[in-house]
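Peer 1: coords below, sequence missing:
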């Protein structure tokens, strides 16, 4: 059995990692995107406000990493949403649904006790390259 090669994916259009991890790793025909939180990539500051504003910033960050590889939300096959309060789920879900449109990746949503920098939402994703390119 041969081992697939991996490659680090980075873009300045999304927040730089704040620890020993990559924005994304390509492994074969899959792209594994690290969890994004609502950090503005230019200022490095937490985008505070409504859960909708936080969710939109997270989705913008994910889309920037996808775009660095010529991908979009239609290429995402799985997401995991981490939230500090599931009472915010309906409003997060509306923002998420608008961003993904007809693309409906598999998804898990879990409540956690805390997230980095005191944010309320983090989303990670797995995308597949079209035709396994």
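Peer 2: Looks like it came in fine. Keep in mind the model is a prediction, meaning the values are calculated, not measured.

Peer 1: Can you tell me the closest non-neighbouring residue to residue 107?
Peer 2: Spatial nearest neighbour of residue 107, excluding adjacent residues (Cβ to Cβ, 6 or more residues apart in numbering): residue 79 at 4.8 Å. Heads up, the C-betas are built off the backbone N, CA and C, glycines and all.

Peer 1: C-terminal to the helix or strand hosting that neighbour, what's the next element?
Peer 2: Secondary structure assignment for residue 79, by DSSP states H and E: strand 76-83. Note on strand 76-83: by DSSP H and E, the next helix or strand toward the C-terminus is helix 89-100.

Peer 1: on contacts alone, who are the packing partners of that following helix?
Peer 2: Taking 3 or more Cβ pairs under 8 Å, 6 or more residues apart in numbering; DSSP states H and E as contact, the helices and strands that helix 89-100 lies on are helix 51-68, strand 76-83.

Peer 1: tell me the most buried of those?
Peer 2: The highest mean neighbour count among the helices and strands packed on helix 89-100, using mean count of other Cβ atoms under 10 Å, belongs to helix 51-68: a mean of 21.

Peer 1: Just give me how far it sits from the chain centre.
Peer 2: Distance of helix 51-68 from the chain centroid (Cα atoms, centre = their mean, to the nearest Å) equals 6 Å.

Peer 1: what's it in contact with?
Peer 2: By Cβ atoms under 8 Å, 6 or more residues apart in numbering, the residues outside helix 51-68 that reach it are 9-11, 13-15, 23-24, 31, 33, 36-41, 47-48, 72-73, 75-76, 88, 91-92, 94-96, 99, 119-123, 125, 127.

Peer 1: Mark which of these are buried, thanks.
Peer 2: By neighbour count, with 16 or more other Cβ atoms under 10 Å, the contacts of helix 51-68 hold 9, 11, 14-15, 23-24, 31, 33, 36-39, 41, 47, 73, 75-76, 88, 92, 95-96, 99, 119-123, 125, 127 as buried.

Peer 1: Okay, and which of those residues map to helices?
Peer 2: Those of the buried ones among the contacts of helix 51-68 mapping onto helices are 92, 95-96, 99, per DSSP state H.

Peer 1: Columns distance to residue 83 on top of the residues you listed, output as CSV?
Peer 2: As requested, those are exported to CSV (distance: Cβ to Cβ, whole Å):
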residue, distance to residue 83
92, 7
95, 12
96, 11
99, 16
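
Peer 1: Alright, I will stop here.
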